[in-house]
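A.B. asks: Provide a 3D model corresponding to the input given below.
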Amino acid sequence: MITCRVLGPIEVMVGDRPAPAELLWRKHLALLIYLARSPKRARTREHLCGLLWPEKAESAARHSLNEALRVLRHSGIGEGLDTSAGQIRLAADAVHLDADTLESLLSAGEWARAAELIAGEFLEGFGVPGAEGFEEWLAAERRHWSARSIAALLGWSAALLREGRAGDALVAAERAGTLDPTSDAAACGVMAALAGRGDAGEALAHADRHTDRLRELGAQPGEETQRLAERIRRGRGRTRPLPPKPAGDQPRRAPLVGRAEELRRLLDVWDRCCEKPGASAVVLEGDSGTGKSRLLEEMASRAILSGGAVTLMRAVESDLEDAGSGLRGLARGGLLDAPGIPGAAPEALAAFATVLPEWAERFRGASIGSALDPARAFPAIVSAATGEGPLLLVVDDAQWADRASLLDLLALLRDLPGAPLCLILAVSPHPPRAELDELRRRLGSGVPGITLTLGPLGGDALRQLAHWALPAYDTAALERVARRVASDSAGIPFLAVELLSAVAQGLDLKVGTAAWPAPSRTLTQSLPSDLPDTVVAAIRIGFRRLGEDARQVLAAAAVLGGRGTEALLARAAALAPERVEAALDELEWQRWLEVDGQGYGFVASLARQVVVRDMMTPGQQARVRQRAGLPAEPMVPPAP
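C.D. replies: The predicted structure is shown next:
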């Protein structure tokens, strides 16, 4: 059998050997590939003569064709070439093209294997000068296989994005773009991957470049490209956009590793909500630092890209006694941007316009006197939102959410069973909540949905993180570091990233460590004094790497605890607003703080405890509280 690679520069093998030189003559190869791509793999002699030897007289053309057929037959096809009855026919098993394999893989949805086949355009660099008919056929084939190759690469890109591998997804989408720089589908793939890795600004910039390129050709981007750009733009406004990367700085937003299965299951629930439609719920469980918030970021990004609206709030301990704070947090966490909100009843809109300035600004005409109670208004608002498209409601650290809000959210699942609504409650095991226990019992039976539990990262995932943080290390060194990080971090993603980032800055992981966390304690229950010395050192190194203003703002946030608005942090840190804004940009980029509609909070509570305990004096703590207008409380002494 002759095997031909045609998706890129042509390569020909006869059995397991390179093709003989005479088979590689241009017209011999052209005849071979053309027959293999012809209907039923057959053509008449007259057609082939006119296609490949149009400049020759009929007798000379027939002689050239016979010589080419002789070469094909003696190069390995043998009886697989039938020249009887005025036709030239290839047997089905005489020649194999990688393009045929690509088509089979696309039909089966095997995107990774399909993408591996693509090395460039069809018969890249190949041509037959003077054979105009063949060149026209070749151009048509290139257009066809360019489209099929783009479909393969974008299918692979989408599959990678679904696993949280946005960087790899971007590489695949960019490969698709090189095959056809004017392709709307490829532009959408690049935009989705950029947005998926948290770079909405660059995604929108790519959309602008694509639009400019098409306009130069007298065309316009397709509707799907424009819709995706609008989704990214709308999602970018859901919270404060990630600031530009500081010059020469290394981001601490690690790639999502070891969570591909969990992300897939979350997306399966979301897809069912959108396709049926119907309300579903997810309880996402895990200790502090196990990556719940990071996974929720990925989930929210995918929901926005698929056309959904997302609202997200993160509960803090003070919310527990603040009735209705959960609903207010969701109302401020992006719900206002859901397209269907203006269609809600005026009295429902007035319920939140009375308590939230941004709602009052948006709905100035809402009659405050007829406002509903927020608990009664919330289902009406969600119903209006889901009337225009799917809605994702996310409560992070839901163990701190107030009881009234939790019960109201659970009632949504009962009252809006046919709405395209997905509710995700991310919880730590402490403190236990009866309301959440009841939802767990109902999931999968009375309420569609699942419970997901995040455990520690395994060895493979930690090795991937080590490679990301320490790209210059060789395999043996990475293995040693990964084993030590597994021991000191207990596989907790937040601590693993802190350790690896500190190693990149010169931290020496000393030999020997005790079992951690203690067998009877969870990470959430552990105190900073319980942490391995290497972990505490890693957090200190990260703190000291920050700019002076960022350290000052972070220290203020650590003393305040909970959530802090930009104005409160400016007051507590005694800094001008513009300096606080720049500091918050740095702290977001370096993954110390994250923001929702109500303010800034620590990504990991243990980091906050270490900052208060080890990086501040009692006097500094007292001054922060005084500037913030908070009552004095017992000071946390610094570590010796």
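A.B. asks: List the residues that contact the closest residue to Arg627 other than its chain neighbours.
C.D. replies: The shortest distance from Arg627 to any non-neighbouring residue, by Cβ to Cβ, 6 or more residues apart in numbering, is to Ala572 (5.1 Å). (C-beta placed from N, C-alpha, C; glycine too.) Ala572 is in contact with Ala556, Ala557, Val559, Leu560, Gly564, Val624, Arg625, Arg627, Ala628, counting by Cβ atoms under 8 Å, 6 or more residues apart in numbering.
A.B. asks: ok, now Asp415?
C.D. replies: Pro379 are the contacts of Asp415 under Cβ under 8 Å, 6+ apart.
A.B. asks: Export the contacts of Ala572 as CSV, with columns for distance to Leu35 and pLDDT.
C.D. replies: Compiled in CSV, these are given as follows (distance: Cβ to Cβ, whole Å; pLDDT from 0 to 100):
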residue, distance to Leu35, pLDDT
Ala556, 75, 94
Ala557, 71, 93
Val559, 78, 92
Leu560, 76, 90
Gly564, 72, 88
Val624, 80, 92
Arg625, 83, 91
Arg627, 83, 93
Ala628, 80, 90
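A.B. asks: got these as JSON lines, with distance to Ala187, secondary structure and neighbour count columns?
C.D. replies: JSON lines is the format used below for the contacts of Ala572 (distance: Cβ to Cβ, whole Å; DSSP: H, G, I helix; E, B strand; the rest coil; neighbours: other Cβ atoms under 10 Å):
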{"residue": "Ala556", "distance to Ala187": "43", "secondary structure": "helix", "neighbour count": "28"}
{"residue": "Ala557", "distance to Ala187": "39", "secondary structure": "helix", "neighbour count": "27"}
{"residue": "Val559", "distance to Ala187": "47", "secondary structure": "helix", "neighbour count": "26"}
{"residue": "Leu560", "distance to Ala187": "44", "secondary structure": "helix", "neighbour count": "21"}
{"residue": "Gly564", "distance to Ala187": "39", "secondary structure": "strand", "neighbour count": "28"}
{"residue": "Val624", "distance to Ala187": "48", "secondary structure": "helix", "neighbour count": "24"}
{"residue": "Arg625", "distance to Ala187": "51", "secondary structure": "helix", "neighbour count": "18"}
{"residue": "Arg627", "distance to Ala187": "49", "secondary structure": "helix", "neighbour count": "16"}
{"residue": "Ala628", "distance to Ala187": "47", "secondary structure": "helix", "neighbour count": "16"}
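A.B. asks: Is Leu587 in a helix, a strand, or coil?
C.D. replies: With DSSP: H, G, I helix; E, B strand; the rest coil as the basis, Leu587 sits in helix.
A.B. asks: what does Val481 give?
C.D. replies: Secondary structure assignment for Val481 (three-state DSSP): helix.
A.B. asks: That one contacts Ala472, doesn't it?
C.D. replies: No. Counting by Cβ atoms under 8 Å, Val481 sits too far from Ala472 to count as a contact (11.8 Å).
A.B. asks: The two - which one has more neighbours?
C.D. replies: Higher neighbour count among Val481 and Ala472: Val481, with 22 against 7, using other Cβ atoms under 10 Å.
A.B. asks: Remind me which helix or strand the closest residue to the more buried one other than its chain neighbours belongs to.
C.D. replies: Excluding its sequence neighbours, the residue lying closest to Val481 (Cβ to Cβ, 6+ apart) is Ala466, at 5.2 Å. Following DSSP states H and E, one finds Ala466 within helix 459-469.
A.B. asks: Next, count neighbours for Gly76.
C.D. replies: By other Cβ under 10 Å, 20 other residues sit near Gly76.
A.B. asks: Apart from its neighbours in sequence, what residue is nearest it?
C.D. replies: The spatial neighbour of Gly76 that comes closest, neighbours along the chain excluded (Cβ to Cβ, 6+ apart), is Val14 at 3.9 Å.
A.B. asks: tell me, how many neighbours does the one you found end up with?
C.D. replies: Around Val14 there are 15 residues (other Cβ under 10 Å).
A.B. asks: in the protein, which ranges drop under the pLDDT threshold?
C.D. replies: The model of the chain has pLDDT under 70 over residues 236-252, 365-370, 510-530, 633-640.
A.B. asks: quick one: the most centrally placed residue in it from Ala205, how far?
C.D. replies: Central residue of the chain (Cα atoms, centre = their mean): Gly196, 3.4 Å from the mean position. Distance, Gly196 to Ala205, using Cβ to Cβ, to the nearest Å: 15 Å.
A.B. asks: ok, now Leu356?
C.D. replies: Between Leu356 and Ala205 the distance is 32 Å, computed by Cβ to Cβ.
A.B. asks: So between the two, which is more surrounded?
C.D. replies: Taking other Cβ under 10 Å, Leu356 and Ala205 do not tie; Leu356 has more neighbours (17 against 13).
A.B. asks: you'd agree that one is up against Arg332?
C.D. replies: Yes. Between Leu356 and Arg332 a contact is recorded at 6.1 Å, counting by Cβ under 8 Å.
A.B. asks: list the residues that contact both of the two?
C.D. replies: Shared contacts of Leu356 and Arg332 (Cβ under 8 Å, 6+ apart): none.
A.B. asks: Settle this for me: the residue nearest to Val481 is touching Tyr473, isn't it.
C.D. replies: Yes. Using Cβ under 8 Å, Ala466 makes contact with Tyr473 at a distance of 7.2 Å.
A.B. asks: quick one: the strands in the stretch 151-300 of the chain?
C.D. replies: Applying DSSP state E, counting those that start in this stretch to the stretch 151-300 of the chain gives strands spanning 280-285.
A.B. asks: actually the chain, not the one I wrote
C.D. replies: Using DSSP state E, the strands found in the chain span residues 2-5, 11-14, 17-18, 42-44, 81-82, 87-90, 95-97, 280-285, 309-314, 391-396, 421-427, 449-453, 593-596, 599-602.
A.B. asks: Let's have those in JSON lines, adding distance to Ser59.
C.D. replies: Listed next are those as JSON lines, based on distance: least, Cβ to Cβ, whole Å:
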{"stretch": "strand 2-5", "distance to Ser59": "29"}
{"stretch": "strand 11-14", "distance to Ser59": "29"}
{"stretch": "strand 17-18", "distance to Ser59": "34"}
{"stretch": "strand 42-44", "distance to Ser59": "17"}
{"stretch": "strand 81-82", "distance to Ser59": "22"}
{"stretch": "strand 87-90", "distance to Ser59": "17"}
{"stretch": "strand 95-97", "distance to Ser59": "28"}
{"stretch": "strand 280-285", "distance to Ser59": "74"}
{"stretch": "strand 309-314", "distance to Ser59": "73"}
{"stretch": "strand 391-396", "distance to Ser59": "73"}
{"stretch": "strand 421-427", "distance to Ser59": "73"}
{"stretch": "strand 449-453", "distance to Ser59": "75"}
{"stretch": "strand 593-596", "distance to Ser59": "80"}
{"stretch": "strand 599-602", "distance to Ser59": "85"}
